[in-house]
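would you be able to build a 3D model of this:
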Amino acid sequence: MNFEQDHQLCLDKLLWATRQLEVDISDRDLAKIAEIIVQTMTGPWRYFHTPDHIFEVGGSANAIEVLAALFHDLVYVQVDQTVNFNLTFYIVPFIREVKEHLYIRSAEDLPNDPMFDMVMRVFGFSPNQELSPFTGQNEFLSALVCAKVLEPFFSQGLILKIIACIETTIPFRPASDGLTPAEHLYDRLKAANADYQLNLTDDELIQAVQQAVRMANRDVGSFANPSSARFLDNTWSLLPETNHNLKNPSSYTVNEYRVALQKMEGFMNFLRPELVFQQFHNEPNDSTYQNLLERAERNIEIARLYIGSKLFTMAVLEALSRRFGRNIPLSTIMGELNPMGLQIETLEDLLPEFPNHHPPRNILEREVLELLEKGRYSSSSYDIKNSPLTTLMVKVMGFDRICELLGQAKSFFKDELSGESFLAACDPAIVETITVSMSKLFDSRKKALMQSTAS
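Numbers count the residues shown, from 1 in each chain. Model (predicted):
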């Protein structure tokens with residue numbers, strides 16, 4: 001959709017939610033809010049965290065969740081590399097920057113602002129605290145913008161419920177002090193309710209946390225997608241948001257693509273299903289929650305093997321590319337992506353057919369091999385959806401050998417092992433096949449160049 005369509009859909013959701021909550025706010029003011037939201041969410045680096053994402057996360061049944069979702073990803077410093085200029089009006093009075101790190105201002109420098117104090121209380125933050133992107137920086141700043149934007153129109157009690165939803169979208173947090181993140185939030189909401197005399201009942205506070213958990217689970221809902229191909233599509237949409245060099249598929253280097261894969265591979269190996277989805281007071285019910293965990297576990301296992309296999313492939317290509325440079329564009333090695341449908345030869349066109357010496361031994365291997373061979377659900381703007389070279393490696397070496405060599409690949413990445421030593425540990429047939437195919441690709445380019453010179 002274009003900006004106007006996104007703006008209209010955002011405005012429609014704002015209109016519906018405010019009417020459901022019986023909030024008195026003019027269409028003109030709602031249009032201004034919609035403009036702030038959509039303009040921020042359509043920044044140049046937004047591939048996954050877009051208007052489509054916030055519309056999906058909000059659902060369509062609960063006004064609090066709809067509103068919270070519209071605001072929950074407004075600030076995403078790692079993606080946007082900054083805070084959108086239009087949002088700084090709401091943030092600067094409370095936040096300072098020191099050597100590229102963000103801090104809540106000290107108590108003596110903070111204005112007397114009950115709304116900001118309430119946002120701090122909901123998040124459990126305090127004056128002079130450094131904000132970390134890994135522990136709620138973006139969610140906290142998004143909630144702050146939300147609270148200040150809505151403050152002229154909404155009651156403090158409604159804003160408390162909305163920012164509680166945003167707090168719960170801080171992802172992948174373990175339990176601490178014997179309590180889950182949702183249980184900690186409930187305790188903070190009880191304290192805020194008492195301190196600000198909001199007169200919310202305990203049932204309302206429990207419902208507020210249930211709403212928050214429901215929305216937060218939708219935020220990470222792709223982890224439970226029944227289709228691993230669609231789950232990996234979302235993963236591939238996330239890569240260029242924090243690896244901006246991938247935006248230009250003709251110029252990003254072998255090393256840059258490998259680093260992007262390596263970060264995602266490390267993340268998947270850290271992740272556990274119980275860190276993805278949350279539960280509070282039977283929201284979701286036990287059966288649904290268990291199903292979410294099982295689907296997440298399956299998708300994480302698939303992603304580990306899939307990304308690990310592709311990372312090994314990139315190690316081989318990077319080691320070979322070191323023979324003639326350290327900053328070689330991947331398109332130089334593989335051939336350019338060709339959205340125009342021109343007759344441009346690529347490395348995959350020159351790969352020989354190999355019989356599969358290592359048929360899949362289980363359902364996991366079978367599914368990952370199919371994903372590599374046939375592809376994720378769709379191609380991305382910077383990468384093809386299937387992986388012919390990795391498919392070849394799996395057929396020649398098998399997943400076990402690839403996983404075994406991945407440790408040596410990581411030593412190579414850290415310069416603890418030379419590229420040639422790493423290649424020597426790999427299957428000679430693989431190294432020779434890729435080397436010969438690359439040589440043929442370069443010969444093909446040389447021939448095209450000479451024809452152009454002759455003409």
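
got the domain ranges for the chain?
Domains of the chain are assigned by automatic domain parsing as 3-219, 224-454.

quick check: end-to-end length of the shortest one?
Yep, that's domain 3-219 we're talking about. Across domain 3-219, the terminal residues are separated by 22 Å (Cα to Cα, to the nearest Å).

how far off centre is that domain?
For domain 3-219, the separation from the chain centroid amounts to 18 Å (computed by Cα atoms, centre = their mean, to the nearest Å).

helices along the stretch 151-300 of the chain, start to end?
Ranges of helices in the stretch 151-300 of the chain, per DSSP state H, counting those that start in this stretch, are 156-168, 181-195, 202-219, 228-242, 254-270, 273-276, 286-321.

which elements pack onto the first one?
Going back to what we said before, that points to helix 156-168. helix 63-71, helix 114-123, helix 137-150, helix 181-195, helix 202-219 (3 or more Cβ pairs under 8 Å, 6 or more residues apart in numbering; DSSP states H and E). All C-beta atoms are positioned from the backbone trio N, CA, C, and that covers glycine.

now with 6 Å?
Helices and strands touching helix 156-168, by 3 or more Cβ pairs under 6 Å, 6 or more residues apart in numbering; DSSP states H and E, are helix 63-71, helix 114-123, helix 137-150, helix 202-219.

likewise the fourth one?
With contacts defined as 3+ Cβ pairs under 6 Å, 6+ apart, the packing partners of helix 228-242 are helix 286-321.

so the helix it packs on versus helix 202-219, what angle?
On the basis of axes from the mean of the first three to the mean of the last three Cα atoms, to 10 degrees, helix 286-321 is oriented at 30 degrees to helix 202-219.

how about helix 286-321: buried residues?
Residues of helix 286-321 classed as buried by neighbour count (16 or more other Cβ atoms under 10 Å): 289, 292-293, 295-321.

how deep is the nearest residue to Leu198 once chain neighbours are set aside tucked in, by neighbour count?
With sequence-adjacent residues excluded and distances taken as Cβ to Cβ, 6 or more residues apart in numbering, Leu198 is closest to Gly157, at 4.6 Å. By other Cβ atoms under 10 Å, 16 other residues sit near Gly157.

just checking, Gly157 touches Asn199?
No - the pair Gly157 / Asn199 is not scored as a contact, 7.6 Å apart, by Cβ atoms under 6 Å.

for the domains of the chain, give me JSON lines that also has mean pLDDT.
Shown next, in JSON lines, are the domains of the chain (pLDDT from 0 to 100):
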{"stretch": "domain 3-219", "mean pLDDT": "96"}
{"stretch": "domain 224-454", "mean pLDDT": "91"}
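
what comes into contact with the helix or strand hosting Val396?
Element membership for Val396, per DSSP states H and E: helix 388-397. Here helix 388-397 makes contact (Cβ atoms under 6 Å, 6 or more residues apart in numbering) with 309-310, 313, 348, 351, 354, 356, 369, 372-373, 427, 429-430.

what angle separates it from helix 286-321?
Comparing the axes of helix 388-397 and helix 286-321 via the same axes, to 10 degrees yields an angle of 90 degrees.

which secondary structure elements does whatever helix or strand comes next after helix 388-397 sit against?
Proceeding N to C from helix 388-397, the next assigned helix or strand is helix 399-413, under DSSP H and E. Using 3+ Cβ pairs under 6 Å, 6+ apart as the contact test, the elements touching helix 399-413 are helix 286-321, helix 419-425.

quick one, helix 399-413 and helix 286-321 angle?
Using the same axes, to 10 degrees: helix 399-413 against helix 286-321 is 60 degrees.

quick one, helix 399-413 and helix 254-270 angle?
Using the same axes, to 10 degrees, helix 399-413 lies at 120 degrees relative to helix 254-270.

what's the separation between the closest residue in space to Asn356 that isn't next to it in sequence and Leu371?
With sequence-adjacent residues excluded and distances taken as Cβ to Cβ, 6+ apart, Asn356 is closest to Lys395, at 4.3 Å. Separation of Lys395 from Leu371 (Cβ to Cβ, to the nearest Å) stands at 14 Å.

these two: which is more packed in?
Leu371 (24 against 18).

ok, and what's touching whichever strand or helix holds the more buried one?
For Leu371, the host element (DSSP H and E) is helix 363-374. Residues outside helix 363-374 that contact it (Cβ under 6 Å, 6+ apart) are Glu301, Ile302, Leu305, Tyr306, Pro360, Ser387, Thr390, Thr391, Val394, Phe399.

same thing but 10 Å
Contacts with helix 363-374, where a contact means Cβ atoms under 10 Å, 6 or more residues apart in numbering, come from 228-229, 232, 298, 301-310, 313, 356, 358-360, 377, 385-395, 398-400.

over to stretch 83-95?
Under the contact criterion Cβ under 10 Å, 6+ apart, stretch 83-95 has outside partners 35-37, 39-41, 43, 74-77, 80, 82, 97, 102-105, 109-111, 113, 116-117, 119-120, 127, 131, 137-138, 140-142, 144-149, 151.

next one: stretch 440-453
Residues from elsewhere that reach stretch 440-453, judged by Cβ under 10 Å, 6+ apart: Thr332, Ile333, Met334, Gly335, Ile344, Glu345, Thr346, Leu347, Glu348, Asp349, Leu350, Leu351.

8 Å instead, please
By Cβ atoms under 8 Å, 6 or more residues apart in numbering, the surrounding residues in contact with stretch 440-453 are Gly335, Glu345, Thr346, Leu347, Leu350.

then stretch 127-143?
For stretch 127-143, contacts defined as Cβ under 8 Å, 6+ apart pick out 71-78, 83, 87, 91, 95, 101-107, 110, 119-120, 122-123, 125, 163, 166-167, 169-170.

just the buried ones from those residues?
Neighbour-count burial (16+ other Cβ under 10 Å) applied to the contacts of stretch 127-143 gives 71-76, 83, 87, 91, 95, 102, 104-105, 110, 119-120, 122-123, 163, 166-167, 169-170.

and the residue nearest to Asp427 when sequence neighbours are not counted, how many residues sit next to it?
Excluding its sequence neighbours, the residue lying closest to Asp427 (Cβ to Cβ, 6+ apart) is Met397, at 5.1 Å. When neighbours are defined as other Cβ under 10 Å, Met397 has 21 of them.
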